[in-house]
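Trainee: got a sequence here, can you model it:
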Amino acid sequence: MFYFRYPAKFTRCADGRVLVELIDFPRAATDGNDMREAMAEAEDCLGSVISFAIVDNEDIPPPSPLRRGLRAVNVPLYLAPKLALYLAMRGAGISPSQLARRLGVPQTAVRRLLDPKQELSPEKIQAALATLGKHVCVAMEDAA
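Mentor: Numbers count the residues shown, from 1 in each chain. From the prediction side, this is the model:
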């Protein structure tokens, strides 16, 4: 099972701001005026890092274990299904054109499924995931 959240280190700076470092993406960091704003900025930063990796067809690391002193940052909800499809395709060694053939759709349709800027119904992504033998489960937890 893949959890769509990544560990981050939150550090209060001398000026009172909160610095956030995404552990699995060493070049990704952000900050906020307080913890609430820092978490919102961290989710936005994580979404941007993952979006660029998808667009550039780069590897996306699995989340490291959440260790003491770290907080979980969730992948933005708009992006999680696209990330699931991207990871399933890479894991199966399937290109967008191969998936398009399996689904009986043009390759551009698969590219839209993966495009972080495209708003699509989750059912379309679920159908593509089903073709790869996967599905997304939604869960709810108490907030930390």
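
Trainee: what's downstream of the longest strand seen in the chain, the next helix or strand?
Mentor: Counting residues, the longest strand in the chain under DSSP state E turns out to be strand 5-12. Sequence-wise, the next helix or strand downstream of strand 5-12 (DSSP states H and E) is strand 18-22.

Trainee: that following strand: partners in the sheet, and parallel or antiparallel?
Mentor: In the sheet, strand 18-22 lines up against strand 5-12 (antiparallel), strand 29-32 (antiparallel) (DSSP bridges).

Trainee: show me which residues of it are buried.
Mentor: Buried residues in strand 18-22, counting neighbours by 16 or more other CB atoms under 10 Å, are found at 18, 20-22. Placement of C-beta: from N, CA and C, glycine included.

Trainee: now do the same for L46: helix, strand or coil?
Mentor: Of the three states, L46 takes helix under DSSP: H, G, I helix; E, B strand; the rest coil.

Trainee: correct me, but it touches V75?
Mentor: Yes. At 6.2 Å, L46 and V75 qualify as touching, with contact defined as CB atoms under 8 Å.

Trainee: of those two, who's got more company?
Mentor: Higher neighbour count among L46 and V75: L46, with 25 against 21, using other CB atoms under 10 Å.

Trainee: no more questions from me, cheers.
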